[in-house]
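S.K.: What follows is a protein structure lacking sequence information:
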């Protein structure tokens, strides 16, 4: 991707600017990935210190968000990008916004880990949350790889994986409801867990958004609010 | 060398002559002359077209086979081409020769260019770092391998120390990253999976700690009964000595276990406390305690700097007191022991010097090994556990320093703890007076 889109520019500085912004997004993605890993670890081991660390480090993600935004504004103002460059800058801006929100959701999971570290852990519930977390983590990793490679096929495939996350989320919700009915005293704690599950599920949705931006960047067509099957039929590699 | 001028000139002249003669024969000598000349020019053009065609598509057209000057030109071009092809083959094979071993390296290797782009990587890098062959060449490395620590490390461009990271996307896979720069701002990155090694180390450490801990309880019971026996005063005379020996040995075992536990705790951990330590005060305290232990040695303290050391005061105290106790144990009566604290060019030095018997050279490098003894019988008699110097070494290691031993048989030994200068702080008011 890099070579095709870059070689045309006469200005070396333009290349450098765009590449820098892209690298920053990857850096931010790496940070979000690490945060999610740490948050899930903290939940698993009831490690309050690690969870507090995650909450504190969210500021780093926000700082990168601002930096990338500034970089993009500069490119808009100084270079007036067109065609593929314009799409890249737009993709970067949208992706960053979603990554920042994912960071916030991760922070919420970490806060839940702090709140629940004192209570008696219901191990089967935690196991399910962990499983959901694992799925989300895997998808985040793949989305960021697809973003770096601007790989449309991979992006479409990940987007369709989101269904599995949604199913797992629904299963957890049903389980939580039974627990609440069995023992109303556990409701406050279960609500916390529900928020964590909800956060993880939201992360899955945001990852799907990023996949759509990748398709937009490479194919030049906005595929938001279009069903996955249609997108697949039009842009999948088997077509 | 053939004379091409003459040869070609003869050919031209003979063609023109034949044309002219034919013209004369038919009664149009001028036309015959022109036809011959045109024919010759057409022949030349044809050769040019053929050679051009062949050079453009050497696979499709064969080398034109021609006599005379043109034939010689073709032969030379063809020879030159063959030579180029051969050289290209040689270059390719020598490149392959260099790449094949790098490809088979057991560590993941990635060559990274000036802009952080991937230039080349080997098979292990595909497996360990998740890079895709061909496709990922030219991609920015840190975009694909997103470890915040590694990104920061590469940005700093200080590769003097190796980096240990958790592999992104995993909880427990540890990678050891080494980077070497080459050429202009290019580098090669080596990554190695060290999870297994770390686990093995951890289980070894755990084993020592667990065994020591498990042994402590039974030993406490034995110790209790032995003490009871002695205190009871009912021990028959012939058993008095054996029971005393039992008590001594139990005590020794307890010391060994305590020391092993201390070592296990120190191993690989960071200092628990990081605060400025007043070293001169600490030296005085150790010296005072040492003086109360012995009346046969003179103990001097020489603090030549007001630098304070950042670290864990308790640990440094126990290291120093270990060294001083050793010095007392292993040097004869009426000798001098000096504790010195000073700034040396190679770092901050906290040293203990004695004028005792000294240690033979062959022992020096092994002194800090666990249970290593220069003279087993004598060490036991003095009540050593064989772990003292190992503990000192671990403490200093923990603080990023190293233990240096200098000794000469018959003259004495010097044990110096050398700490990096970055660990020094100076009392602010002292500093101001020094500057003013």
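M.R.: Cool, got the structure. All values derive from a computational prediction rather than experimental measurement.

S.K.: pretty sure residue B:230 contacts residue B:247?
M.R.: Yes. The pair formed by residue B:230 and residue B:247 meets the contact definition of C-beta atoms under 8 Å, at 6.5 Å. For glycine as for every other residue, the C-beta is placed from the backbone atoms N, C-alpha and C.

S.K.: Taking chain A, what residue is nearest to chain B?
M.R.: residue A:30 (2.8 Å; C-beta to the nearest C-beta).

S.K.: Relative to residue A:135, how far out is that residue?
M.R.: 19 Å (C-beta to C-beta, to the nearest Å).

S.K.: which one of the two has more residues nearby?
M.R.: Ranked by neighbour count (other C-beta atoms under 10 Å in any protein chain shown), residue A:30 and residue A:135 place residue A:30 first, with 22 against 19.

S.K.: With adjacent residues omitted, what lies nearest to that one?
M.R.: Computed as C-beta to C-beta, 6 or more residues apart in numbering or on different chains, the closest residue to residue A:30 that is not its neighbour in sequence is residue B:146, at 2.8 Å.

S.K.: And for residue B:208?
M.R.: Residue B:208 sits nearest to residue B:264 (C-beta to C-beta, 6+ apart), 5.1 Å away.

S.K.: wait, isn't that neighbour in contact with residue B:213?
M.R.: No. The pair residue B:264 / residue B:213 is not scored as a contact, 9.0 Å apart, by C-beta under 8 Å.

S.K.: More neighbours: which of these two?
M.R.: Shown here are residue B:264 and residue B:213; by other C-beta under 10 Å, residue B:264 has more neighbours (21 against 13).

S.K.: could you say which helix or strand contains that one?
M.R.: helix B:237-266 (DSSP states H and E).

S.K.: Looking at that helix now, give me its mean pLDDT.
M.R.: The average pLDDT for helix B:237-266 rounds to 87.

S.K.: do stretch A:87-106 as well
M.R.: 91.

S.K.: swap in stretch B:59-70?
M.R.: Stretch B:59-70 comes out at a mean pLDDT of 77.

S.K.: now do stretch B:275-283
M.R.: 88.

S.K.: And stretch B:209-221, by the same measure?
M.R.: Here the average pLDDT along stretch B:209-221 is 88.

S.K.: do stretch B:394-405 as well
M.R.: 88.

S.K.: so which helix or strand takes in the residue of chain A closest to chain B?
M.R.: With DSSP H and E as the test, residue A:30 turns up in helix A:12-45.

S.K.: For residue B:117, see how far away residue B:179 is.
M.R.: Residue B:179 is 15 Å from residue B:117, by C-beta to C-beta.

S.K.: how about the residue nearest the centre of chain A, secondary structure?
M.R.: Taking C-alpha atoms, centre = their mean, the centroid of chain A lies closest to residue A:207, which sits 4.5 Å from it. Recorded secondary structure, residue A:207: helix (DSSP: H, G, I helix; E, B strand; the rest coil).

S.K.: check contacts around it.
M.R.: The contact partners of residue A:207, by C-beta atoms under 8 Å, 6 or more residues apart in numbering or on different chains, come to A:98, A:102, A:136, A:139-140, A:143, A:158, A:162.

S.K.: that older thread, which parts of the helix or strand just after the helix holding residue B:264 are buried?
M.R.: Using DSSP H and E, the helix or strand that follows helix B:237-266 towards the C-terminus is strand B:275-277. For strand B:275-277, the neighbour count (16 or more other C-beta atoms under 10 Å in any protein chain shown) marks B:276-277 as buried.

S.K.: How about residues contacting the next helix-or-strand element following strand B:275-277?
M.R.: Scanning forward in sequence from strand B:275-277 by DSSP H and E, the next helix or strand is helix B:279-293. With contacts defined as C-beta under 8 Å, 6+ apart, helix B:279-293 is touched by B:297, B:299-301, B:303, B:306-309, B:313, B:316-317, B:320-321, B:324-325, B:328, B:337, B:339, B:341, B:350.

S.K.: Next, the angle helix B:279-293 makes with the helix or strand following helix B:279-293.
M.R.: As assigned by DSSP H and E, the chain's next helix or strand after helix B:279-293 is strand B:297-303. Put simply, strand B:297-303 runs at 180 degrees to helix B:279-293, going by axes from the mean of the first three to the mean of the last three C-alpha atoms, to 10 degrees.

S.K.: quick one on the thing from earlier: what packs against the helix holding residue B:264?
M.R.: Counting contacts by 3 or more C-beta pairs under 8 Å, 6 or more residues apart in numbering or on different chains; DSSP states H and E, helix B:237-266 is packed against helix B:195-232, helix B:388-398.

S.K.: one step back: show me what counts as buried in the helix holding residue A:30.
M.R.: Buried-residue list, helix A:12-45, by 16+ other C-beta under 10 Å: A:14-15, A:17-19, A:21-44.

S.K.: What is that helix packed up against?
M.R.: Counting by 3+ C-beta pairs under 8 Å, 6+ apart, helix A:12-45 packs on helix A:2-6, helix A:48-79, helix A:83-116, helix A:123-149, helix B:141-144, helix B:148-156.

S.K.: and the second one, how far from the chain's centre?
M.R.: Helix A:48-79 sits 14 Å away from the centroid of its parent chain (C-alpha atoms, centre = their mean, to the nearest Å).

S.K.: That helix packs against which elements?
M.R.: Partner elements for helix A:48-79 (3+ C-beta pairs under 8 Å, 6+ apart): helix A:12-45, helix A:83-116.

S.K.: now that helix against helix A:83-116, angle please.
M.R.: Using the same axes, to 10 degrees, helix A:48-79 lies at 160 degrees relative to helix A:83-116.

S.K.: rewinding a little: tell me which of the helices and strands packed on helix B:237-266 sits most buried.
M.R.: helix B:388-398 (a mean of 21; mean count of other C-beta atoms under 10 Å in any protein chain shown).
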